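**Q** Give me the fold of what follows.
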Amino acid sequence: MRLGCVLLLVLLMSGRVWAVPQALVGAAELPTVAEASGYQATSTSEEVSVFLRACDERAQHVRMFEFGRTEQGRLMSGLVLGESPVPGRGQLSASGDGRLVVMLLGNIHSGECDGKEALLMLARELTLTPEHPWLRRAVFVVVPNYNADGNDQMSVDNRPGQVGPVRGMGRRETSRGFDLNRDFVKLETAEGRALVRLIDQWNPHMFIDCHTTNGSIHRYPLTYDIPHNPAVAGGLREFLRREFMPDVTGRMRAAGFETFYYGNFARQQTRWESFGFEPRYSTEYVGIRGRIGILSESYSYADYRTRVLASREFVRQCVEAALVRAEQILGLLGDVEQGAARLAGSELPLNAVLGPFEQKVTVLGRVPGSEEPRDYEVEYWGRYEATKRVVLPAAYVLPEASSAVVRNLQNHGVRLSVLQRAVRVPVVVRRVVAIERSAMAFQQHHLVQLQTEEEREERELGVGAVIVSTAQPLGRLAAWLLEPESCDGLATWNFFDERLRAGGEYPVLAVPDVVGWSIEPMVEER
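**A** Below you'll find the model as predicted:
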């Protein structure tokens with residue numbers, strides 16, 4: 001049976017059959033639900049899986065994979081596409097393969113379904129074009145339907161104000177009510193743990209997360225953003241803001257799509273303000289891991305077809321811009337990773353405040369309450385300045401590590417060691433001066449912020465203490481997770497609550513040196 005017929009048969013069995021418009025010649029063999037419905041509907045999780053299997057069966061350079069199950073037991077799956085042989089996880093770096101690894105994510109918020117459909121279209125293009133120039137220069141890891149549970153709770157009421165799909169879309173949250181784009185620190189969801197494991201295994205050079213936004217009225221079918229966190233290696237942020245994104249913006253304009261940095265108007269259209277910098281967000285998290293994170297936000301007030309096509313074009317132009325600079329990107333990210341071996345003694349920001357860039361920008365808006373276009377010269381508030389910094393130690397020590405903390409660090413891919421012989425060494429003890437706990441729950445947590453003071457003393461560390469070196473690729477991330485005054489660390493998300501009291505000792509020590517210690521890598525339990 002032809003693969004297009006396989007997909008059509010599933011649609012028939014589900015009662016979801018539409019004629020494929022004749023104009024979509026390239027989509028005739030493997031139509032997406034969006035295309036087949038004339039952009040009236042979006043795909044169920046089963047329809048996504050059938051589409052991915054069809055791609056896998058169609059071409060030798062395509063491999064479907066599964067990387068976990070959702071909270072409700074749905075399989076989480078994606079495609080790896082690259083010139084044959086398609087590599088396995090972690091094999092590119094080990095083999096010296098010089099290709100870029102690009103990870104594409106859709107449906108983190110399932111009501112925002114444009115990216116899901118756009119990524120399926122791009123996957124089809126790469127599947128049906130084995131000679132595609134991208135495939136020789138990059139490997140693509142495509143996860144179009146991340147929040148599969150939320151995806152299948154479709155309703156026309158899930159995204160009020162969003163222009164289509166008229167037959168309904170999924171919901172924002174998971175089946176347990178969690179926002180997956182607030183889970184990249186705590187990893188409380190099965191979905192979050194599975195995705196971060198996948199990120200750790202592939203270590204993609206570029207990660208694009210596809211969303212749909214509403215908010216302020218403007219004239220962009222899609223906006224974008226990059227990591228704001230000042231803890232992200234400075235060279236990486238400067239490269240994206242000064243070179244990479246301006247090129248992508250020009251490419252999008254040439255393709256017929258005006259675009260700009262994500263934001264919302266404030267103070268009577270005098271400001272354009274961005275979103276948060278915390279690593280709970282996907283692209284901020286990837287940035288702290290030392291890789292390129294890019295946010296794509298199609299615009300919910302544009303029609304559904306335009307949003308899907310704009311999302312596809314944005315991903316396409318990001319890939320094109322990256323491939324032109326492949327050698328530069330590999331060198332830049334290599335420098336970031338090598339620099340991670342020398343973090344001890346350097347400063348790491350732990351909190352920040354939003355402020356404006358020096359130069360004003362022009363944002364394409366509309367006269368409030370009308371469709372009349374108006375351009376606004378505004379302050380662009382998208383720059384975060386550090387307000388709290390810490391000098392990084394050689395390592396952190398958890399004398400009595402809780403299993404939840406250890407599991408979290410391992411789920412992130414942070415390398416842990418275990419002390420094999422007791423040592424008496426200088427340590428930095430942080431004593432809790434004040435505990436501020438949010439009155440209102442956020443993501444089912446009452447967030448904690450600590451104020452501490454340092455004390456230096458000698459301390460005997462016993463056999464079995466867990467050692468977290470900062471001299472590792474994820475040293476910045478490890479510090480963000482373990483520092484007591486991090487604004488988005490494990491203390492924030494209640495991992496240490498049972499050990500916290502005013503005047504008490506924070507249960508993570510900092511040490512200036514681990515030379516001569518008898519330590520062995522911790523074996524992760526599976």
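
**Q** Would you confirm that V156 contacts G168?
**A** Yes: at 4.5 Å, V156 counts as touching G168 under the criterion of Cβ atoms under 8 Å. In short, each C-beta sits where N, CA and C put it, glycine included.

**Q** So for those two, which sits in the more crowded spot?
**A** Per other Cβ atoms under 10 Å, whichever of V156 and G168 has more neighbours is G168, with 18 against 13.

**Q** Please list all residues in contact with that one.
**A** When contacts are counted by Cβ atoms under 8 Å, 6 or more residues apart in numbering, G168 touches 41-42, 154-156, 158.

**Q** what is the mean pLDDT for stretch 441-453?
**A** For stretch 441-453, mean pLDDT is 98.

**Q** Distance across it, terminal residue to terminal residue?
**A** One end of stretch 441-453 sits 27 Å from the other (Cα to Cα, to the nearest Å).

**Q** neighbouring contacts of that stretch?
**A** For stretch 441-453, contacts defined as Cβ under 8 Å, 6+ apart pick out 177-179, 182-183, 186, 188, 430-440, 484-485, 487, 491-494, 497, 500, 506.

**Q** what about 7 Å?
**A** The contact list for stretch 441-453 (Cβ atoms under 7 Å, 6 or more residues apart in numbering) reads 178-179, 182, 430-438, 484-485, 487, 491-494, 497, 506.

**Q** Could you verify that G68 is part of a strand?
**A** Yes: read with DSSP: H, G, I helix; E, B strand; the rest coil, G68 is one of the residues of a strand.

**Q** is it true that it touches A194?
**A** Yes: counting by Cβ atoms under 7 Å, G68 does reach A194; the two are 2.8 Å apart.

**Q** Just the buried ones from the contacts of stretch 441-453?
**A** 178-179, 182, 430, 432, 435, 484-485, 487, 491-494, 506 (16 or more other Cβ atoms under 10 Å).

**Q** Can you tell me which of those is closest to R242?
**A** Of all the buried ones among the contacts of stretch 441-453, C487 has the smallest distance to R242: 26.6 Å, by Cβ to Cβ.

**Q** quick one: that closest one and N351 touch, right?
**A** Yes: here C487 reaches N351: they are 4.2 Å apart, a contact under Cβ under 7 Å.

**Q** per-domain residue ranges of this structure.
**A** Domains of the chain are assigned by automatic domain parsing as 38-340, 350-387, 392-521.

**Q** Could you pull up the mean pLDDT of the shortest one?
**A** Model confidence over domain 350-387, given as mean pLDDT, is 97.

**Q** Need the distance between the two termini of that domain.
**A** Using Cα to Cα, the end-to-end distance of domain 350-387 comes to 8 Å.

**Q** can you list the weak-confidence ranges in the stretch 401-526 of the chain?
**A** Filtered on pLDDT under 70, the stretch 401-526 of the chain yields the residue ranges 525-526.

**Q** switch the cut-off to 90
**A** Within the stretch 401-526 of the chain, the segments meeting pLDDT under 90 span 401, 523-526.

**Q** Please enumerate the strands of it.
**A** Assigned by DSSP state E, counting those that start in this stretch, the stretch 401-526 of the chain shows strands spanning 417-419, 423-437, 448-461, 466-469, 509-511, 519-521.

**Q** now the stretch 101-250 of the chain
**A** In the stretch 101-250 of the chain, the strands defined using DSSP E, counting those that start in this stretch lie at 138-143, 206-213, 222-225.

**Q** do you know how far the closest residue to W272 other than its chain neighbours is from G215?
**A** Closest residue in space to W272, ignoring its immediate chain neighbours: G263 at 4.3 Å, by Cβ to Cβ, 6 or more residues apart in numbering. Separation of G263 from G215 (Cβ to Cβ, to the nearest Å): 8 Å.

**Q** Over to I294?
**A** Distance from I294 to G215, by Cβ to Cβ: 19 Å.

**Q** now swap in A326 and tell me
**A** 34 Å.

**Q** The residue nearest to E243 when sequence neighbours are not counted: how many residues sit nearby?
**A** Of all residues not flanking E243 in the chain, R325 sits nearest, at 7.9 Å (Cβ to Cβ, 6+ apart). Residues lying near R325 (other Cβ under 10 Å) number 17.

**Q** got it, and V353?
**A** The burial count for V353: 11, using other Cβ under 10 Å.

**Q** Equivalent analysis for P373, please.
**A** So P373, with other Cβ under 10 Å, has 11 neighbours.

**Q** Phi and psi next, for it.
**A** Per-residue torsions, P373: phi -70, psi 140 (degrees, to the nearest 10).

**Q** pretty sure it contacts R219?
**A** Yes: contact criterion Cβ under 7 Å: P373 and R219 qualify, at 6.1 Å.

**Q** about what we covered before: wouldn't the residue nearest to W272 be in contact with Q269 here?
**A** No: between G263 and Q269 there is no contact, the gap being 11.6 Å when judged by Cβ under 7 Å.

**Q** returning to what we had before: include distance to A28 when you put the domains of the chain into CSV, please.
**A** Compiled in CSV, these are given as follows (distance: least, Cβ to Cβ, whole Å):
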stretch, distance to A28
domain 38-340, 11
domain 350-387, 36
domain 392-521, 42
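
**Q** Highest mean neighbour count out of those domains?
**A** Among these, ranked by average contacts under mean count of other Cβ atoms under 10 Å, first place goes to domain 38-340 (a mean of 20).

**Q** what angle sits between the helix or strand harbouring C318 and strand 138-143?
**A** If you go by DSSP states H and E, C318 is part of helix 304-324. Counting by axes from the mean of the first three to the mean of the last three Cα atoms, to 10 degrees, helix 304-324 lies at 150 degrees to strand 138-143.
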